[in-house]
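**Q** Predicted structure and sequence below. I'll ask about it afterward.
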Amino acid sequence: MPVEHYENFPVASLLIPRDLRPAVEALYAFARSADDIADEGGAQDAERLSGLAHYQAQLDAIERGKVPEGELFLRLAAVVKRHALPVALLHDLLDAFAQDVVKKRYADFTELQDYCRRSANPVGRLMLRIFGCASAGNDARSDAICTSLQLINFWQDVAVDLDKGRIYLPEEDRRRFGVTEEALFTRHCDEAFRALMRFEIGRTRAMMLEGAALAPSLPGRFGWEIRLVVQGGLRILEKIEAAGFDALNQRPQLVRSDWPLLALRAARMKR
């Protein structure tokens, strides 16, 4: 279960009931393919935005009850109808992908949270609705988990994003700890950078723990899926810490040997 952009969808997991897997897979296919339009290959920005605009148009058709174009959107339309999914959540995902094309820096944490609200939180809210577990309280706890997962991806991928010209570490925080853009691009992990990462990881962990009570409150397999997602995210944070906060030169990942520990921790989670 890598903690990566949209790989957090529990696609084809044995913990997902068989009758719900097609819905999860249809949502994943939509999100993954749209994310690829925004982020993969060598396309120009205008081409990426045009591709995402086509996706927006298909969502508009689904929302109006029209027949969309292409197998991907036909499957998505069936899932939206069956589970009464808010199409606005899917539009939010596309808005975030389009923002990634044109926005490379974030002024403060509030601005970054707004991005996460659209790039990550819709995933959790859509899953809650597919499993029939949506409520105001569950949505709020899911948002905390999903935002923290997105942040974990950022802290895990500092170097990867630098290669793409992106910096998700908020400018306000970088100024506070004395970390310049120049220092980031030289990949020099000094005490200032370590202090910055320690701060971001502490804030992210607190957010994850705030939402973690959602997992044991959910029924059956879905609850176990979310338990493992939470513990996987927390484990990545531990690995960044164990690497001396050097996210500039190392990219911690979950490996096979982590699974027994994740399973044990998941079993111990309480409301």
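**A** Great, that's in hand. Numbers count the residues shown, from 1 in each chain.

**Q** Look up which helix or strand H91 falls in, please.
**A** Assigned by DSSP states H and E, H91 belongs to helix 87-102.

**Q** I would like the residues contacting that helix, please.
**A** Here helix 87-102 makes contact (CB atoms under 8 Å, 6 or more residues apart in numbering) with 30-31, 34-35, 37-39, 45, 48-49, 52, 55-56, 59, 62-63, 76, 80, 115, 117-119, 121-123, 125-126, 166. Where C-beta positions appear, they are placed from N, C-alpha and C, glycine not excepted.

**Q** what about 6 Å?
**A** 31, 34-35, 38, 45, 48-49, 52, 55-56, 59, 63, 118-119, 122, 125-126 (CB atoms under 6 Å, 6 or more residues apart in numbering).

**Q** Just give me the longest helix of this protein.
**A** helix 220-242 (DSSP state H).

**Q** in that helix, what's buried?
**A** Going by neighbour count (16 or more other CB atoms under 10 Å), the buried part of helix 220-242 is 221-237, 239-241.

**Q** What is that helix packed up against?
**A** Packing partners of helix 220-242 (3 or more CB pairs under 6 Å, 6 or more residues apart in numbering; DSSP states H and E): helix 136-156, helix 191-211, helix 214-217, helix 259-267.

**Q** That one versus helix 136-156: what angle between them?
**A** Orientation check (axes from the mean of the first three to the mean of the last three CA atoms, to 10 degrees): helix 220-242 against helix 136-156 gives 30 degrees.

**Q** now helix 220-242: mean pLDDT?
**A** Mean pLDDT, computed over helix 220-242, is 93.

**Q** Output it as CSV, restricted to C-alpha atoms.
**A** Extracted C-alpha coordinates of helix 220-242, given in CSV (Å, rounded to 0.1, in the frame of the first residue of the first chain):
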residue,chain,number,x,y,z
GLY,A,220,-16.2,-4.9,8.5
ARG,A,221,-13.7,-5.0,5.6
PHE,A,222,-14.0,-1.2,5.0
GLY,A,223,-12.9,-0.5,8.5
TRP,A,224,-9.9,-2.7,8.2
GLU,A,225,-8.9,-1.1,4.9
ILE,A,226,-8.9,2.3,6.5
ARG,A,227,-7.0,1.0,9.5
LEU,A,228,-4.2,-0.1,7.2
VAL,A,229,-4.3,3.1,5.2
VAL,A,230,-3.9,5.1,8.5
GLN,A,231,-1.1,2.9,9.7
GLY,A,232,0.7,2.9,6.4
GLY,A,233,0.7,6.7,6.4
LEU,A,234,2.0,6.9,9.9
ARG,A,235,4.7,4.4,9.0
ILE,A,236,6.0,6.5,6.2
LEU,A,237,6.3,9.4,8.6
GLU,A,238,8.4,7.2,10.9
LYS,A,239,10.6,6.3,8.0
ILE,A,240,11.2,9.9,7.1
GLU,A,241,12.2,10.5,10.8
ALA,A,242,14.4,7.5,10.8
